[in-house]
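# predicted model follows, preceded by the sequence.
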Amino acid sequence: MPRFGIGDFEIKNGLVLAPMAGITDKTFRSIAKEYGADLTVSEMISAKGVYYKDKKTKLLSERAANEDVYAIQIFGSDPEIMAFAAKVFEEEQKSGLIIDINMGCPMPKITGNGEGSALMKDPKLCGRIVKAVSEAVKAPVTVKIRAGWDQSSLNAAEVAAECEANGAKAVCVHGRTREQLYRPPVDKSIIKEVKRTLKIPVIANGGCYSGRDAAELLAETGCDGVALAQGAMGNPFIFEECIEEFNGRAYRKPEKDEIIAMASRHVRMLCLDKGEYIGVRESRKHLGWYIKGFAGSAEARKMINLAEKEEELQEILQKLAAL
């Protein structure tokens, strides 16, 4: 069983729920924790939004009751503003907090402002940001990066070394370039190079859709842990699967009724947390992932996307379960 430390926190099973914008909210993270994610990471939060006291920005940092150790991911390009945001969160959370810095987001609206994975074009700036944040807070600081900006600039090891030298306590590497977005393949050799370069823990990320995938990624890169992202969408059970795989035990995949029961509970939790109007609308994408491949799922998805009430979603799930 892989395990590693971030500051004073021990990640006992080496499993991390990677941050995903619009997905890893408090509800999703709470469910992932139940199934075995030992470290969960918030959706990325704008440091400028915190600085200018945007109310919606602050809502993204709400913590689930079972998140004993929790990482808040911030993004931005100004070291002072990033440090300010980190300090605000540390004062609010009091304990069990890790500050994660986003240097990996590939989306144009982020990179167009010189943030996210665009930071990797300037390794020295990456170092200055980590230094400013590390000096501003007592919480351990981690960094999420990609393989590089494109195939001509695979500089993950250089950026990671700058981050380590300036106070980072762990680095998570997504083995794709910004240019690739989320298209295959995942370059495991780049992740392995980062692991060879650093003394701090390195977390591998990319292309894990099963326990076997996660075990192979760890074996091939030598990393200390693995971060799961798309493989966990509609499948929080993947964390249990990874734990069984790591321990050499057979894994029993959940039956259809178990998956639908979890989907139903996810809807209920979202509606309780965010109110029915928002909860129903945010449930739609999650339900599409949960029911993928089931008989009747195509028709069910059409109905789900038209539903306005939680009761409607629950009825759709029950009808699907009966097919």
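Yep, that arrived. Given the structure is predicted, the values throughout are model-derived calculations rather than measurements.

# what does stretch 281-294 rub up against?
Here stretch 281-294 makes contact (C-beta atoms under 8 Å, 6 or more residues apart in numbering) with 23, 25, 28, 233-235, 256, 259-260, 262-263, 266-267, 270-271, 274, 297, 300-301, 304-305, 307, 310, 313, 317, 320, 323. Where you see a C-beta, it was placed from the backbone N, CA and C, and this is true even at glycine.

# mean confidence for it?
Stretch 281-294 shows a mean pLDDT of 97.

# which parts of it are buried?
Across stretch 281-294, burial judged by 16 or more other C-beta atoms under 10 Å covers Glu282, Ser283, His286, Leu287, Gly288, Tyr290, Ile291.

# distance of the third one from Met303?
The reference is to His286. 15 Å (C-beta to C-beta, to the nearest Å).

# that older thread, restricted to helices, list the contacts of stretch 281-294.
28, 256, 259-260, 262-263, 266-267, 270-271, 274, 297, 300-301, 304-305, 310, 313, 317, 320 (DSSP state H).

# check for me that Val50 belongs to a strand.
No. Going by DSSP: H, G, I helix; E, B strand; the rest coil, the assignment for Val50 is helix, not a strand.

# skipping adjacent residues, who's closest to it in space?
Of all residues not flanking Val50 in the chain, Ala85 sits nearest, at 3.9 Å (C-beta to C-beta, 6 or more residues apart in numbering).

# so that neighbour: helix, strand or coil?
Going by three-state DSSP: Ala85 is helix.

# residues in contact with Asn66?
Ser30, Lys33, Glu34.

# buried ones among the contacts of stretch 281-294?
Using 16+ other C-beta under 10 Å, the buried ones in the contacts of stretch 281-294 are 23, 25, 28, 233-235, 259-260, 262-263, 266-267, 270-271, 274, 297, 300-301, 304, 307, 310, 313, 317, 320.

# re earlier: any chance of the contacts of Asn66 in CSV, plus secondary structure, distance to Ile6 and pLDDT?
Output for the contacts of Asn66, formatted as CSV (DSSP: H, G, I helix; E, B strand; the rest coil; distance: C-beta to C-beta, whole Å; pLDDT from 0 to 100):
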residue, secondary structure, distance to Ile6, pLDDT
Ser30, helix, 20, 98
Lys33, helix, 16, 98
Glu34, helix, 21, 97
